[in-house]
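> A structural model of the following input is requested.
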Amino acid sequence: MSPRRRLMFAVLAAIVVLAAGGFALRAVLREKPVRIPDQAVPGPVLLVPGFGGGTAGVDRLAAAIRATGRTATVVEMPDGGTGDLAAQADVLDAAAARALRGAPSVDVIGYSAGGVVARLWVRQHDGVHKARRVVTLGSPHQGARLAAAGAAGLPGACPAACQQLAPGSTLLRQLGTSVPNPPQWLSIWTEQDQTVVPPDSARLDGAVDVDIQQACPGRDVGHGDLPTDDYVTGLVLDAIGAAPIGPAPPC
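Presented below is the predicted three-dimensional model:
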């Protein structure tokens, strides 16, 4: 074989090797597993207020979290949390993006309707790969009769979030009653809830479920007390710690 022909074959062989390597690299990149947040490494905490309540309702809980040395941010929702829940999930995602600039993951705590917002965020914004823990407090995951009454009897006084929180709404049907794992989930609720009725609307398949009166018989906790009750605060602090979420301890 002439030197010229040997050179031609060598060049062709090099091209084939480079092409194969390129295809292999692209395949590796495509198949690279997506990172799941390390459960042993707590990050910043984002708190999502409830329907129409503003941020004050969860300020005390945020302060308790900060007292442990964690960063806690109360995410202010547009229209006082009364607008479209999916739009609220977008706002939560923007807050998560800011928090994740210097952290591996976030923990999210949603009070009342804020828990539904947290679930929407996990579903619509790849929260599985951003959130380590999600805690909901008295959240109407299966809807609230009060919202249904408002949507049926006073539609003008029942804004978008109110209509979406009616049992059987399109949004709640699409969201379902189960949650992905990871992240780890905790749902806390009280049998004395007179805002989210029935109270066990807060139950979630795949979450650790805490009925306060079952865990702490005789404890007087209403819907508005959930973010400030000392026992509930202890449950939340345990849930966002380094240890896995477990059953509620006795009070």
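
> okay, stretch 212-225 in CSV with CA atoms only?
Only the C-alpha atoms of stretch 212-225 are listed here, as CSV (Å, rounded to 0.1, in the frame of the first residue of the first chain):
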residue,chain,number,x,y,z
ILE,A,212,-52.6,16.7,66.2
GLN,A,213,-55.4,15.4,68.5
GLN,A,214,-54.4,11.8,67.8
ALA,A,215,-50.7,12.6,68.6
CYS,A,216,-51.5,15.0,71.5
PRO,A,217,-55.0,14.2,72.9
GLY,A,218,-56.8,17.2,74.3
ARG,A,219,-54.6,19.8,72.7
ASP,A,220,-56.6,22.9,71.6
VAL,A,221,-55.4,24.0,68.1
GLY,A,222,-57.5,25.8,65.5
HIS,A,223,-56.7,26.5,61.9
GLY,A,224,-55.2,29.9,62.7
ASP,A,225,-53.1,28.4,65.5
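
> who touches it?
57, 112, 138, 188-196, 229, 231-232, 248-251 (CB atoms under 8 Å, 6 or more residues apart in numbering). All C-beta atoms are positioned from the backbone trio N, CA, C, and that covers glycine.

> those in helices, which ones?
231-232 (DSSP state H).

> quick one, which of the contacts of stretch 212-225 are buried?
Neighbour-count burial (16 or more other CB atoms under 10 Å) is assigned, among the contacts of stretch 212-225, to 57, 112, 138, 188-190, 193, 195-196, 229, 231-232, 248.

> so where do the helices sit in the stretch 51-200 of the chain?
Using DSSP state H, counting those that start in this stretch, the helices of the stretch 51-200 of the chain run over 59-66, 85-99, 113-124, 145-153, 160-164, 170-175.

> winner for burial among these?
Highest mean neighbour count of the helices of the stretch 51-200 of the chain: helix 113-124, a mean of 26 (counted as mean count of other CB atoms under 10 Å).

> so which elements touch that helix?
Helix 113-124 sits against strand 45-48, helix 85-99, strand 106-111, strand 131-137, helix 170-175, with contacts defined as 3 or more CB pairs under 8 Å, 6 or more residues apart in numbering; DSSP states H and E.
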